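A.B. asks: Here is a sequence together with a model predicted from it:
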Number of protein chains: 4
Amino acid sequence: MKLEVSVRVVYEVISSSTLILNVQPVKSAGQFLVEEHMELNQQLKMRELFSISGEKRFKIIEIPDAGNLMIHYRALVETEVRAVDAEHLDDIPIGNMPVSALSYLNPSRYCQSDKLYKFAFHKFGHIDHAFYKVMAIRDWIYTNVEYSGGYTNAQTSSYDTITEQIGVCRDFAHLGIALCRALTIPARYYTGYAYQLQPADFHACFEAYIGGYWIIVDATKLVPLNGLVKIATGVDATDTAFASIFGNLQFVSLDVTANLIDTEFRYIDQYTAEQGYTYM
Amino acid sequence: MKLEVSVRVVYEVISSSTLILNVQPVKSAGQFLVEEHMELNQQLKMRELFSISGEKRFKIIEIPDAGNLMIHYRALVETEVRAVDAEHLDDIPIGNMPVSALSYLNPSRYCQSDKLYKFAFHKFGHIDHAFYKVMAIRDWIYTNVEYSGGYTNAQTSSYDTITEQIGVCRDFAHLGIALCRALTIPARYYTGYAYQLQPADFHACFEAYIGGYWIIVDATKLVPLNGLVKIATGVDATDTAFASIFGNLQFVSLDVTANLIDTEFRYIDQYTAEQGYTYM
Amino acid sequence: MKLEVSVRVVYEVISSSTLILNVQPVKSAGQFLVEEHMELNQQLKMRELFSISGEKRFKIIEIPDAGNLMIHYRALVETEVRAVDAEHLDDIPIGNMPVSALSYLNPSRYCQSDKLYKFAFHKFGHIDHAFYKVMAIRDWIYTNVEYSGGYTNAQTSSYDTITEQIGVCRDFAHLGIALCRALTIPARYYTGYAYQLQPADFHACFEAYIGGYWIIVDATKLVPLNGLVKIATGVDATDTAFASIFGNLQFVSLDVTANLIDTEFRYIDQYTAEQGYTYM
Amino acid sequence: MKLEVSVRVVYEVISSSTLILNVQPVKSAGQFLVEEHMELNQQLKMRELFSISGEKRFKIIEIPDAGNLMIHYRALVETEVRAVDAEHLDDIPIGNMPVSALSYLNPSRYCQSDKLYKFAFHKFGHIDHAFYKVMAIRDWIYTNVEYSGGYTNAQTSSYDTITEQIGVCRDFAHLGIALCRALTIPARYYTGYAYQLQPADFHACFEAYIGGYWIIVDATKLVPLNGLVKIATGVDATDTAFASIFGNLQFVSLDVTANLIDTEFRYIDQYTAEQGYTYM
């Protein structure tokens, strides 16, 4: 797929602040950045950083003075969603998992998997194979959790969502991750741009480590998987926020777009038994 | 049933303290106290109180000096478990409920029903009639929550138990109450002596207000309903603890007994569809 | 004081519902209802109830049909804020407290005093006399908790507010109550109309049981104590909400007023050391 | 310092399991492993791993059969606690922090710094310089939190400890970390062997990133800083547990030792104003 993505964010700067901005698509095997452009309405000191594991790149922007700050970023991205045959997604014993996957078994701020063992085991423990467990988790969340804004906030965690059963994409992802980890399946948070997301915004879903691949899973079923452009993966929303503010900035507005440049588009769904394969 | 119940509790008094003791069976239509006797190993000032609604009587004991305190209470109780035809347990609209039932719709310290609306509605909302909802709640708890000591403590609430799915009678009762209230069925905590409880101890279950009766419900299924001797009902464990300590008492030991005096005993189970009736 | 209070609340009724309305000032020694009037834009079945302990009266309104519902209530109330000499507010041992006070020592949904013992003891345990402990609690809350709307919601409890230190009158009251109970001082939630509250709304504060009186305490310091008209007291916000909805009502608007009818008014503050007395 | 450390852990293996063992001191500038030896009472497949950032090394042990498992590890370690002049610990702006420090600003499972902003700011916000903020945090925890076992468990987090004010070294460390992060000071969990710890066990404290150094901080004040041997640093107890169990192992016993090999030892305290320097 060829997609053009963009974000325009505006802040009112009250006093000297620092902003960590995490909106640039990551460069990976399945994602090639044809071009990108970041524009600010002020001349500011900016530093580009990469997380050690290469799953995120972000900018630290120092804003010395009060005033209006507008940041506009856009990129042209070539993505490739690779199909994986579900039959080949063998379970990997802990002993053979790489370090890069093992750390995604730990509970985190929003994904308290240590509190969900019994629930996860009761609901999904009887299902053979990690992949089908994950598909059952996705379907259970989709069926039981109401997608609705305004009920959850920055403190809502998977421990709330599992009982309160309402939330947005962030909450769906956190719950999916927590349930996977409770079943000893490494899982990580995924943020990105999403073609056909209504209303347009950043999107969140998750990846589960199965058969040696990071399989993408979206329990909201809101968008086609081949319309996603990955910005970052991380332990949960704590290390993948599109903006982290240190200082005194007032949020004014956010506009996100994700447009198809290709002329053809065939909606790719997660997985069906007939289809037999899923995606990474 | 004629039952003899007793409790012997020992404390090491470190300094001047006050103890509120709530171990005496309540006097009610279904429960007659043939005789009772409380004995202390010290001469202490004691005051007997009754809760305003008559669901509890308790003693306030003032202990001026350090030393060993032993309290021994026993009672001979005649109880009558009354059968209620499930078919006659009509739902009562809020508008017709008495004040004494309405207050048991509110969330409480351990029964945060306000956080369980969606869960309760998804699981039990489709079931016709309050009575069958309550039976389904009881069965769901019995099936999904593991009865096991040592995992929960005095801070564990229904919001924990619904996800962590392990606990003791107290936790089973709190979750049952919270789910009832979330479905607009008044429910209250019940503490008592229990014949055949292994190991012997105080027991907790709950009562749901259905069809004008307070129907007794025990999601642990550990004891026969006709072996119960009611001590108190209340909002949850906060107002029905067998002992509330103000000062510095060290708990030493607790021995509870509940023996059948009648020569015959037929185990009474909560409710089965064939049986067609339940109990209050 | 002579005050005229009123409330106009509008709902959009989606389907058959029941509403418990708790807006009528309670009748008590310090509060005389000269007249009151409730008006609805529909002819509805209404039942008036009194809580057993007489601290609340409320109406149950049955609304059979969808449509617009407007309720308008107003009352003319004569109130008397009685001064109590702080020097005479002796501590009352548990053993001498009446049953009606003892129940307000228990933790509740929003006032988890059982989790605040150490905090309360560290901060306030060294202070002599319950009254001065309560004044220190009030001042600590006033100083440390930011009064600000939009951060807390219906699930926010004292356990959150003690750390997050932001909230509205409801949160201030819950924290005050929890800290009192943690120090073995009975405390209860107070809702009412408040003269000079900006913007006009219902107000919440609390009462602590000291020296045999229910002393009124307002940690927000937003309004004069002699401008309050009591609607109800209860364990916390769970049993004193101005409206409890069962069914499907959409809230449209709420207008509350509290006007002085007397020509003179002298602002009465809680308590100062010079002043030497407080209020009930 | 030259220290000999050891751990002997025994499990009863119920069925095929995997164990991640994290007991080996990390190799770093301040810590040299003279020799180490790990012995098992069974011949087992073992894999050694290093975390990407080099702050931890651990072994994955696969245990195919039921039976008794005994692991004995000992090491001879040469450590050097480096003094840092407090005057030279300048605050580092976010914009100049390395990626390896930035990630330790995020909230984590046990260190929900996002919920502690106001508390941290009220208590410590007025103090100049990150270093003195951190010393004040250490002293506040030491003064207000009671060191006592048996009250907290594997689910206890800093959000509990800040109010409940009781716990063990793990809880002290989590609270210190959360408060640092809330004040935009990167902080990470530290586990190790500790000379003179009574009773002997693993110890936990934390490191704060100040002036370009990871300064070690121990709010328990239980042990000399120069008696520590570092095993790992991580986000919190989730990624630094000495053992993570996947499968069915029953813990039997744990014995930890840390002995001084040097003949001389001078107790090194964290920091005093007279002393003027601290340690890393």
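C.D. replies: Structure's in. What do you need? Numbers count the residues shown, from 1 in each chain, chains lettered A, B, ... in the order given.
A.B. asks: Within its local environment, how many residues does the nearest residue to A:Asn41 once chain neighbours are set aside see?
C.D. replies: Nearest residue to A:Asn41, sequence neighbours excluded (C-beta to C-beta, 6 or more residues apart in numbering or on different chains): A:Met70, at 4.2 Å. Just so you know, the C-beta spots here come from the backbone N, C-alpha and C atoms, and that holds for glycine as well. Close neighbours of A:Met70, defined as other C-beta atoms under 10 Å in any protein chain shown, add up to 14.
A.B. asks: buried stuff in the host helix or strand of A:Met70?
C.D. replies: Per DSSP states H and E, A:Met70 falls inside strand A:67-79. For strand A:67-79, the neighbour count (16 or more other C-beta atoms under 10 Å in any protein chain shown) marks A:Leu69, A:Ile71, A:Tyr73, A:Arg74, A:Ala75, A:Leu76, A:Val77, A:Thr79 as buried.
A.B. asks: can you check stretch A:17-30 too?
C.D. replies: A:Ser17, A:Thr18, A:Leu19, A:Ile20, A:Leu21, A:Asn22, A:Val23, A:Gln24, A:Pro25, A:Val26.
A.B. asks: right, is the helix or strand containing A:Glu62 up against chain D?
C.D. replies: Assignment of secondary structure by DSSP H and E places A:Glu62 within strand A:57-63. Yes - against chain D, strand A:57-63 shows contacts by C-beta under 8 Å from any C-beta of the partner chain at A:Ile60, A:Glu62.
A.B. asks: Need the contact partners of that strand.
C.D. replies: A:13, A:16-22, A:24, A:26-27, A:38, A:40, A:42, A:44-51, A:69, A:71, A:232, A:247, A:249, D:93-95 (C-beta atoms under 8 Å, 6 or more residues apart in numbering or on different chains).
A.B. asks: backbone phi and psi for the residue most central in space within chain A, please?
C.D. replies: Using C-alpha atoms, centre = their mean, the residue of chain A that lies closest to the mean C-alpha position is A:Tyr190, 1.9 Å off. Note on A:Tyr190: its backbone torsions stand at phi -130, psi 130 [degrees, to the nearest 10].
A.B. asks: now A:Gly212
C.D. replies: Per-residue torsions, A:Gly212: phi 90, psi 0 (degrees, to the nearest 10).
A.B. asks: so how far is B:Asn41 from it?
C.D. replies: To B:Asn41, A:Gly212 is 70 Å away according to C-beta to C-beta, to the nearest Å.
A.B. asks: Those two - which one has more neighbours?
C.D. replies: More crowded of A:Gly212 and B:Asn41, by other C-beta under 10 Å: A:Gly212, with 15 against 12.
A.B. asks: Return the distance of that one relative to chain C.
C.D. replies: 42 Å (C-beta to the nearest C-beta, to the nearest Å).
A.B. asks: Could you pull up the residues touching the residue nearest to that residue when sequence neighbours are not counted?
C.D. replies: If the residues on either side of it in the chain are set aside, A:Gly212 comes closest to A:Ile92, at 6.4 Å by C-beta to C-beta, 6+ apart. By C-beta under 8 Å, 6+ apart, the residues touching A:Ile92 are A:Ala130, A:Tyr209, A:Ile210, A:Gly211, A:Gly212.
A.B. asks: out of those residues, which are inside helices?
C.D. replies: Residues of these located in helices (DSSP state H): A:Ala130.
A.B. asks: And the helices in chain A?
C.D. replies: So, for chain A - with DSSP H - the helices run A:99-102, A:117-124, A:130-144, A:158-164, A:169-182.
A.B. asks: Does the longest one reach chain B?
C.D. replies: Yes - remark: helix A:130-144 sits within contact range of chain B at A:Asn144, by C-beta under 8 Å from any C-beta.
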